[in-house]
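Q: quick check, what structure comes out for this input:
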Amino acid sequence: TWNSATAPFPTTNYEIRLEAARIKGHDFFAGITFPVGEAWCSWINGGWGGEVVGLSSINGADASQNETSFTRKFDLGRWYAFRLRVTPTAISAWIDDELAIEVLIVKKWIALREGEIDRSVPFGIATYSTIANIRKIEWRPLPPDAKK
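A: Prediction:
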């Protein structure tokens with residue numbers, strides 16, 4: 001989890017990159033919690049038994065039940081590259097340079113799913129019933145006029 005005492009984490013117009021590998025277990029190994037304006041959201045990778053990807057939560061629906069939800073197989077021990085972009089109008093996410101999620105967020109309610117994931121605020125990476133390795137965590141600001 002980001003230590004906001006050292007510096008505040010941006011709330012929009014930023015991009016995050018990291019690599020993660022599920023080492024043991026069968027649930028999410030890269031639950032990336034991040035700010036979206038005044039709210040927070042989590043990008044779940046490998047949830048609900050190991051294959052669900054999506055954002056929690058949009059309009060009250062978690063990653064397994066909203067328009068960002070899809071399934072993908074994740075191999076044990078394999079490194080995956082994740083990239084997340086947040087702008088005032090959209091959240092975009094890539095897995096291994098393939099666009100996985102692109103959702104417009106204007107007039108949508110963005111919030112965290114209830115539970116312990118709020119411990120990852122303002123920015124953090126979590127697992128559930130899983131052991132994972134994380135490396136190469138980077139973030140960079142985007143120009144104020146970034147659209148997507």
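
Q: nearest residue to the middle of the protein?
A: The centroid of the chain falls nearest to Trp43 when counting by CA atoms, centre = their mean (2.6 Å).

Q: which residues touch that one?
A: Under the criterion of CB atoms under 8 Å, 6 or more residues apart in numbering, the neighbours of Trp43 are Ala30, Gly31, Ile32, Phe34, Val53, Gly54, Leu55, Ala63, Phe82, Leu84, Ala93, Ile101. For the C-beta atoms, the positions are set from N, CA and C on the backbone; glycine is no exception.

Q: now the two most distant members of those residues.
A: Among the contacts of Trp43, the pair separated by the greatest distance (CB to CB) is Phe34 and Val53, at 15.1 Å.

Q: what's the mean pLDDT across the one helix or strand the residue nearest to the centre of the chain maps to?
A: If you go by DSSP states H and E, Trp43 is part of strand 39-47. Averaged across strand 39-47, the pLDDT comes to 97.

Q: return it as PDB; C-alpha atoms alone will do.
A: What follows is strand 39-47, C-alpha atoms only, in PDB (Å, rounded to 0.1, in the frame of the first residue of the first chain):
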ATOM      1  CA  ALA A  39     -13.300   7.600  -5.100                       C
ATOM      2  CA  TRP A  40     -11.400   4.300  -5.300                       C
ATOM      3  CA  CYS A  41     -11.700   1.200  -7.500                       C
ATOM      4  CA  SER A  42     -10.000  -2.200  -7.700                       C
ATOM      5  CA  TRP A  43      -8.800  -4.000 -10.800                       C
ATOM      6  CA  ILE A  44      -9.200  -7.700 -10.000                       C
ATOM      7  CA  ASN A  45      -7.100 -10.200 -12.000                       C
ATOM      8  CA  GLY A  46      -7.800 -13.900 -11.500                       C
ATOM      9  CA  GLY A  47     -10.700 -13.600  -9.000                       C
END
